[in-house]
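Q: Whatever this is, show me its structure:
(2 chains)
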2 protein chains.
Amino acid sequence: MKKRVLSLCLLAGMALGTQAEDVYQAQRARWLKLAEQNKPELNHTVHHPVRVVKAVEDKGAYQGWRFDTDKEMTPERLATTNFRELRRVTLDFGDHLTGYISLSLRSLQSLMDAPTRLKLFLGEVPAEMNTPLDPWADNRLARSWMQDEVVTLTLADKSYRLDRRISGRYLTVELMGCSPSYNFGLDSITFVAETSARPIADDGLLPTCPQIIREIDRVGKATLRECMQTVYEDGPKRDRRLWTGDMYLESLANRYSYQNHQLTRRCLYLFAGLAREDGILHGNIFEYPTPKPQIINYMVSYNLLYVLTLLEYWRDTKDRETTLDLWPVAIRQVEDALRYVRPDGIFDQSRGSSWNFFDWRPGIDVSVCIQALTINALQGITQLGQELGRDEDVKAYPARAKLMASAARKQMMDRKTGLFVSGKDRQVSVLSQAWMIRAGVLNKKEARRALTTVLGMPSSLKPGTPYATHYLIEAMLMAGMNDEARDYLNSYWGGMVQRGADTFFEAYDPQDDNLSPYNFSPVNSYCHAWSCTPVYFIHKYPEIFQK
Amino acid sequence: MKKRVLSLCLLAGMALGTQAEDVYQAQRARWLKLAEQNKPELNHTVHHPVRVVKAVEDKGAYQGWRFDTDKEMTPERLATTNFRELRRVTLDFGDHLTGYISLSLRSLQSLMDAPTRLKLFLGEVPAEMNTPLDPWADNRLARSWMQDEVVTLTLADKSYRLDRRISGRYLTVELMGCSPSYNFGLDSITFVAETSARPIADDGLLPTCPQIIREIDRVGKATLRECMQTVYEDGPKRDRRLWTGDMYLESLANRYSYQNHQLTRRCLYLFAGLAREDGILHGNIFEYPTPKPQIINYMVSYNLLYVLTLLEYWRDTKDRETTLDLWPVAIRQVEDALRYVRPDGIFDQSRGSSWNFFDWRPGIDVSVCIQALTINALQGITQLGQELGRDEDVKAYPARAKLMASAARKQMMDRKTGLFVSGKDRQVSVLSQAWMIRAGVLNKKEARRALTTVLGMPSSLKPGTPYATHYLIEAMLMAGMNDEARDYLNSYWGGMVQRGADTFFEAYDPQDDNLSPYNFSPVNSYCHAWSCTPVYFIHKYPEIFQK
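A: Down below sits the predicted model:
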């Protein structure tokens, strides 16, 4: 009964009276408790370096650097090689790992009669570890994201564990200070990795599956595994938080790989439990020391993806209890989005302060994208409401979606080219077309024409991230452009594989190795949740991608 | 019975047969166990900064720097002052402390959406914290002794504890990186100090005691307190280990202050348990991770001070069981020293590889000092043997001491000046006279003359450390130069007090603020065990020092 009252309060979007506020407060506390109860156990695996490497500057390599095997040194021999003389070594753990490193100083001659200071630098890609980091420009993200730590060890022959959780593949150890008479080796270098993804016995691929797809699938799963911690993180090196947009794509790839739906449930409850007083969600959440939202990120685009994540969760689990429990949250986000929609059916961003994120491509106008996503969310929640038997709650939505679709065609489409144009400057972007196709505003033929045209236009704005590219691939498949979708996926994600990716990058442009949303590529995340979605496409459409 | 066998084996200095080796091995294991059983519990006290300070360059201040109270900031206000803007602060804990610091970042506005990197620099004296440390010259001690640590905090509003035990009074916190949108204060800055010294309720001083002596006594006790950990450390910042020479002086000051004789017992057993196969002691010991000697330091001078520490321990405790247990160890050290003594009664350093340390004064020749210390040790062990009823073991020693004393007068003394001259260059040092006086080789009148002469000679080598100065003060008292001893103590240790010392320094020369045995004064230890001995003099001779 209480739930129904709340649901209605939220539906009405009305100012909540004191009593309803109390009910809602208790509701959120209960959701947070459920989030906590659904926190997954992490699996731990123990790793050791597989080789010692040397950095080689190479214009042909990704970002200009590669690591070659050091033929004169092995990880085992480091234990008996005097590091006071060696001074610096880079180790390769053979795979991207997230967790904690430890090592010990092995006394070779005399006692450690002074503390030993080391710099430990863990990185994801070679260039990150060979680019000077200082001085750090003010316009970049925090310097402290970089995983170069200076530590002082006061005990020899005893394992030292770096307290910071770090993420990457390569570890440089550099001597910063020690006793001038102490000879020591680096021993027991260990990476205890953690993830809430359980190992998969079978890759689930057809025997016919081409090698490049196998590679893409492997790297995609590794990306997802690394990001699956006690929430769906966006990037385990950076930013280490739960974003709605990443969660949505991760939950899709999770379906075809680790199938840890408890993690999705936890994340859905976390967002709900940390919503604003008025029921609106925050775009991202930090888990520790206690779960908190980053209140500056009010994002209608991401809130609508919450709605779509709940729909996918329902499809995966048929977990009626959870889905109904979170139903009013989904409704509330849709209602909030509709606040922006003018009577003529156009989503007017000036009606509120939402940050509607769709891509990091500089200058992108998202008027068309948010219009399409709202239509898409109206369709999604209608479907979900009908499946849950909550027809009454969603009965107004099909007409709203229809109005928005026809308004889009009327006001946002260039009749001549058949392309959607975005904003007052009538920007032509690939993403605008992709989102409108996803929303079903174009039929298959129109969709094919629009995509073919926009991709062929040198001046059109292309996707700048794997995140945006996901929606392009999806649109291609909806447009029946299966070969193009496969080729694009092979070329885009396959391009990262060919550049040595162990996990897929946050930002990737085949034309610009050093593309960075933060003006400095070493601070990019090279293992980013939103890039894992080939796993979804490859397994959902085996006949397209695996033959 | 077994003990007696071993004792005789050691006494004979003979090669040990297999059976005796096993017995000795078991003996050392037992001693180590006793050392462990006597490990004191540490007392913990919680401290917070008492003020914020600003560094002021001042030629009149010790080493050219002083800290003034910052009138615009308080430790309390730091919690609500945005440290992202403040960037740097130096705090004063009001006293020299040894232990662990912790702090937390208090979120003032928005979330900590990136790690926060801080440099934490704890120092003992102002100049140490205001002298550029890098580049670090190769001829210095390890760079890692300096207590400047860079730490990356990934959680806000949660206490972070630096894992390294550090020691000092002043803490500089400096921002090295953080989210550009995160406002935070520094909160809960805490120093949990530890020592095995129990607080003393009464300072034990006469009402007549002059203020400067009161100050010296206070600082001396603080020095000892800081160095009393689970062993007598030489310096809690640097070197953090147990040296025989420091232990001897600490045990003397301990008698008149904390009276923790269990700690002395532990240290005596540690040295014994870690002795060489042939029964010779090592000059210093590290406790952690497991007790180990620094085998490069074979020091007859220090081993003889072990003998004298056992004598003082016996005097303090009348603990017959321990003293008899360690009796063969003491005998063994004396026998080893006698190996160096030629038939003519001169200690000949070329007969072995011992490092005979007496002072850090560059160029000092210790031939006379080691001659005197050996005489002194022979006297001491004879006395101890007689008190323990082991007359038989020591019956040969009085004659040996006598021979050495007369040989010294004959071969080492300048008849004209009445001064002992050391080495082939006939070096004239204050310390040579002091040690010979301590050994009773000069009578009171001769002693007074020698000291007066040598102290008045511009060209004589003066003591370079409080360690050496201890033996000078003692010699003055033995020479009946009570006023001179008091004045010297007042001027030397009082000089440190006037220069703002919270604890007494490892190296101190009133003429040279930047005196350093390591060519760089910031790496000096400013709280050094061997400097605490005014506590011994002041309380042993109240009529001289307190009236």
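
Q: Could you use CA atoms for every contact and neighbour count after this?
A: Will do.

Q: Output the below-cut-off pLDDT ranges for chain A.
A: The model of chain A has pLDDT under 70 over residues A:1-17.

Q: need the residues of chain A near chain B, please.
A: Counting by CA under 8 Å from any CA of the partner chain, the positions of chain A adjacent to chain B are A:110-111, A:113-117, A:141-145, A:149-158, A:164, A:176-180, A:239, A:286, A:288-289, A:292-296.

Q: Restricted to helices, list those.
A: Among those, no member is found in helices (DSSP state H).

Q: Buried ones among these?
A: A:111, A:113-117, A:141-145, A:149-158, A:164, A:176-180, A:239, A:286, A:292-295 (16 or more other CA atoms under 10 Å in any protein chain shown).

Q: ok, A:Phe505 to chain B distance?
A: 19 Å (CA to the nearest CA, to the nearest Å).

Q: which ones are touching that residue?
A: A:Pro466, A:Met496, A:Asn524, A:Ser525, A:Tyr526, A:Cys527, A:His528, A:Ser531 (CA atoms under 8 Å, 6 or more residues apart in numbering or on different chains).

Q: tell me the two of those residues that are most distant?
A: Using CA to CA, those span at most 14.4 Å, a distance reached by A:Met496 and A:Asn524.

Q: Name the residue in the two with the higher neighbour count.
A: A:Asn524 (26 against 21; other CA atoms under 10 Å in any protein chain shown).

Q: Verify the stated contact: that one with A:Tyr508.
A: No: look at A:Asn524 against A:Tyr508 with CA atoms under 8 Å: they stay out of range, at 10.0 Å.

Q: can you pull out the helices in the stretch 51-200 of chain A?
A: Here the stretch 51-200 of chain A has its helices, by DSSP state H, counting those that start in this stretch, at A:75-78, A:83-86.

Q: Name the nearest residue to the closest residue to chain B within the stretch 351-500 of chain A, ignoring sequence neighbours.
A: Nearest residue of the stretch 351-500 of chain A to chain B: A:Trp355, at 16.8 Å (CA to the nearest CA). Computed as CA to CA, 6 or more residues apart in numbering or on different chains, the closest residue to A:Trp355 that is not its neighbour in sequence is A:Met299, at 4.8 Å.

Q: mind listing the strands for chain A?
A: Along chain A, the stretches classed as strands by DSSP state E are A:43-47, A:51-57, A:65-69, A:88-109, A:116-123, A:148-153, A:160-161, A:166-177, A:183-195, A:242-243, A:284-286, A:292-293, A:413-414, A:419-420.

Q: In helices, which of the contacts of A:Phe505 fall?
A: The helices, defined by DSSP H, take in A:Pro466, A:Met496 from these.

Q: Adding distance to B:Gly64 as columns, could you present the contacts of A:Phe505 in JSON lines?
A: Formatted as JSON lines, the contacts of A:Phe505 follow (distance: CA to CA, whole Å):
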{"residue": "A:Pro466", "distance to B:Gly64": "59"}
{"residue": "A:Met496", "distance to B:Gly64": "58"}
{"residue": "A:Asn524", "distance to B:Gly64": "46"}
{"residue": "A:Ser525", "distance to B:Gly64": "47"}
{"residue": "A:Tyr526", "distance to B:Gly64": "49"}
{"residue": "A:Cys527", "distance to B:Gly64": "51"}
{"residue": "A:His528", "distance to B:Gly64": "53"}
{"residue": "A:Ser531", "distance to B:Gly64": "58"}
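
Q: Most neighbours out of the contacts of A:Phe505, which is it?
A: Using other CA under 10 Å as the neighbour criterion, A:Cys527 leads these with 34 neighbours.

Q: so what's that one up against?
A: A:Glu124, A:Thr223, A:Glu226, A:Cys227, A:Gly235, A:Pro236, A:Lys237, A:Thr503, A:Phe504, A:Phe505, A:Glu506.

Q: which of those residues lies closest to chain B?
A: Set against chain B, the nearest of the contacts of A:Cys527 by CA to the nearest CA is A:Lys237 (10.6 Å).

Q: Tell me who's in contact with the residue lying closest to the closest one once chain neighbours are set aside.
A: Nearest-residue entry for A:Lys237: A:Ser167, 5.0 Å, with adjacent residues in sequence omitted and distances by CA to CA, 6+ apart. Taking CA under 8 Å, 6+ apart, we find A:Ser167 in contact with A:His96, A:Leu97, A:Thr98, A:Gly99, A:Leu122, A:Gly123, A:Glu124, A:Pro236, A:Lys237.

Q: just A:Ile295 next, same as before
A: Going by CA under 8 Å, 6+ apart, A:Ile295 touches A:His282, B:Ser110.

Q: And for A:Met247?
A: Residues near A:Met247 by CA under 8 Å, 6+ apart: A:Tyr232, A:Glu233, A:Asp234, A:Thr264, A:Cys267, A:Thr309, A:Ala529.

Q: OK, contacts around A:Ala337?
A: Residues near A:Ala337 by CA under 8 Å, 6+ apart: A:Val300, A:Leu304, A:Thr374.

Q: Now render these as a markdown table, adding neighbour count.
A: Converted to a markdown table, the contacts of A:Ala337 look like this (neighbours: other CA atoms under 10 Å in any protein chain shown):
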| residue | neighbour count |
| --- | --- |
| A:Val300 | 29 |
| A:Leu304 | 29 |
| A:Thr374 | 26 |
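
Q: Just those residues: which are in helices?
A: A:Val300, A:Leu304, A:Thr374.

Q: Identify the residue spatially nearest to the second one, adjacent ones excluded.
A: With sequence-adjacent residues excluded and distances taken as CA to CA, 6+ apart, A:Leu304 is closest to A:Ala377, at 5.9 Å.

Q: That neighbour: how many residues sit nearby?
A: 26.

Q: residues in contact with it?
A: Counting by CA under 8 Å, 6+ apart, A:Ala377 touches A:Leu304, A:Leu305, A:Val307, A:Leu308, A:Val334.

Q: How about A:Glu233?
A: So A:Glu233 contacts A:Cys227, A:Asp239, A:Arg240, A:Arg241, A:Leu242, A:Trp243, A:Asp246, A:Met247, A:Ala529 (CA under 8 Å, 6+ apart).

Q: what's the spacing between it and chain B?
A: From A:Glu233 over to chain B (counting by CA to the nearest CA), the distance is 13 Å.

Q: what's the answer for A:Ile200, then?
A: Counting by CA to the nearest CA, the separation of A:Ile200 from chain B is 31 Å.

Q: The residue lying closest to that residue once chain neighbours are set aside: neighbouring residues, count only.
A: Excluding its sequence neighbours, the residue lying closest to A:Ile200 (CA to CA, 6+ apart) is A:Tyr258, at 6.8 Å. A count of nearby residues for A:Tyr258, using other CA under 10 Å, gives 18.
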